[in-house]
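Chemist: quick check, what structure comes out for this input:
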Amino acid sequence: MSIFSINDNSNYNSILSQAKANKESKENSKISFANAFLKQNASKLNEIQNANSQTLARSEVLNSTNTTNTSNNTNFSISSKTNSPNYDISSEFKNSIYTLKYKQADISNTSTNTAYGYSVDKDGYMGSDFNKAAGLPEDFKIHKSTLDEIKKAAENDPVASSIKEYLGVSEYYTNIDMAETIKQYYNLFSNALGQSFPNDKTSFSEADINSMPSGYAIDGFYNGYGAFKHPDAIRNDDIAIKSIADYSNVLISNIYRSQEQLNEANSIYSDSAGLISGIKPETLGLSLEEIKNVSKGEDWQFNPDMSVYPQNEDGSYSKEALFMSLIKSQEGRILYSPKTTLNPTIEAYNRAMAKESFSGPAIHLDSIMTGKSDFKSFFRYWAERGIAEGDLYMYENNIPKESAMGNWALDAEIKQALANGWKAKPSTINSCADSIMDRLNNLIGQTRV
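Modeler: From the prediction side, this is the model:
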């Protein structure tokens, strides 16, 4: 039975007019209240809203309005409750909320959504305020889902997951400065692309990509330890505690245009026992194979949805697609910002661990090439303390490195020799260091930017 019925037909029209007048007079107050309600209950309303498409929601409003205006039913006050015991919102009020939301959307033609402190447009791409903060071109498109993937990878990284489980917390980060992370990646990306193409190039054919260098070496990377300490002690401590890399000063230092140069750089880095920083080659994801496989990986890894960065009609790739591949090559890691903050429990744990951490020794390539540091003395010092002893054993006995791969007999021979007290001769150490320096000088002459 209706809450309020009319049986006298003679009074029907006047009552109907009065009801309509009352309804119109209340409309402004309802909209105001709906607006306040939206602000206070945004998350719950978004759950309701997201369950339906905008088209269906509008259709519900129109159908409800038409039914109310055309029906001969004399029920003028409808108060159907929701199924949830926690919400008692009349159907008319819910329709007012939807009408208000979509009317505002029609006027502005933009979404009111935000993510990571910045606006998100109706298609899910970050707004101009994000591009400005991240130093991106105005027409560059980064999808929100990409940032979600970065956060997912950071929170589900095996090390982070182990620490969270050990400390009994569910969240590693309390805030992530996504704009700064993207800014640092984009600076490196622009620097790499600038070695091969003009800055205004926005699409890349497979031939373009195949013409790019085989690899790069980067300089200016900080992780808080060893040769990678930031010159600002306060910033360096923060980098070490947060256990995230700082790419803010990273530049391309060497370009390995051929596969042979890349292989030689890898070999020198390996032969020096990793003692030379700033030479190790990276593809930076700028190879055709990597670009085609950006979305593949383990569930916890950075696997961006590339459907939001589609190939062009001619089959070429957008600048955004190449950028995704570069981020993938860096494992989608969060990069340093003072605004990125950790769960207090995690921070306290990391602070304690940072005091006990030790990064292996290394000497920077620039220091070697400018003569500020003597690599030969540095190598001798660490070789006498056991670094690269397996490599030195093979060098002294003229055993090719290639023969070591999967050679269990050789591995057993080296272990037995070391157990018996074998030590490299000083002449072996000096000769090995001289050989590394000769090869390094030759490579740098070909590849240095």
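Chemist: now do the strands in the stretch 301-449 of the chain.
Modeler: 317-318, 341-342, 363-364 (DSSP state E, counting those that start in this stretch).
Chemist: which elements pack onto the last one?
Modeler: Under the contact definition 3 or more C-beta pairs under 8 Å, 6 or more residues apart in numbering; DSSP states H and E, strand 363-364 sits against strand 276-277. Quick note: C-beta positions are derived from backbone N, CA and C, even for glycine.
Chemist: which residues are in contact with the strand it packs on?
Modeler: Strand 276-277 is touched from outside by 226-228, 268-269, 362-365, 368, 375, 440, with contacts defined as C-beta atoms under 8 Å, 6 or more residues apart in numbering.
Chemist: which among the residues you listed count as buried?
Modeler: Among the contacts of strand 276-277, those scoring as buried are 227-228, 268-269, 362-365, 368, 375, 440 (criterion: 16 or more other C-beta atoms under 10 Å).
Chemist: give me the residue at the spatial middle of this protein.
Modeler: Centroid check for the chain by C-alpha atoms, centre = their mean gives Ile150 as the closest residue, at 3.2 Å.
Chemist: do you know the pLDDT at Leu147?
Modeler: If you check Leu147, the pLDDT there is 98.
Chemist: isn't it up against Thr114?
Modeler: No: using C-beta atoms under 8 Å, Leu147 makes no contact with Thr114, being 11.9 Å away.
Chemist: neighbour count winner among the two?
Modeler: More crowded of Leu147 and Thr114, by other C-beta atoms under 10 Å: Leu147, with 23 against 14.
Chemist: count of residues packed around the nearest residue to that one once chain neighbours are set aside?
Modeler: Nearest non-adjacent residue to Leu147, counting by C-beta to C-beta, 6 or more residues apart in numbering: Met178, 4.9 Å away. Met178 is flanked by 28 other residues according to other C-beta under 10 Å.
Chemist: wait, Met178 sits on Ile150?
Modeler: Yes: at 6.9 Å, Met178 and Ile150 qualify as touching, with contact defined as C-beta under 8 Å.
Chemist: show me the shaky parts of the chain.
Modeler: For the chain, the stretches with pLDDT under 70 are 1-112, 356-360.
Chemist: for the stretch 101-250 of the chain, which segments count as strands?
Modeler: 114-115, 118-119, 173-175, 203-204, 215-219.
Chemist: Ala424: which of the ones you listed is closest?
Modeler: Nearest of the strands of the stretch 101-250 of the chain to Ala424, taken as C-beta to C-beta: strand 215-219 at 28.1 Å.
Chemist: can you give me how far the closest one is from the chain middle?
Modeler: Distance, stretch centre to chain centre, for strand 215-219: 20 Å (C-alpha atoms, centre = their mean, to the nearest Å).
Chemist: and for stretch 196-207?
Modeler: How far stretch 196-207 lies from its chain's middle: 23 Å, per C-alpha atoms, centre = their mean.
Chemist: and what of stretch 286-294?
Modeler: Worked out by C-alpha atoms, centre = their mean, stretch 286-294 lies 17 Å from the chain centre.
Chemist: equivalent analysis for stretch 125-136, please.
Modeler: Between the centre of stretch 125-136 and the centre of its chain there are 15 Å (C-alpha atoms, centre = their mean).
Chemist: go on, stretch 255-268?
Modeler: Here stretch 255-268 shows a centroid-to-chain-centroid distance of 28 Å under the convention C-alpha atoms, centre = their mean.
Chemist: any residues touching it, and which ones?
Modeler: Residues outside stretch 255-268 that contact it (C-beta under 8 Å, 6+ apart): 195, 213-217, 254, 276, 279-281, 401, 436, 439-440, 443, 446-447, 449.
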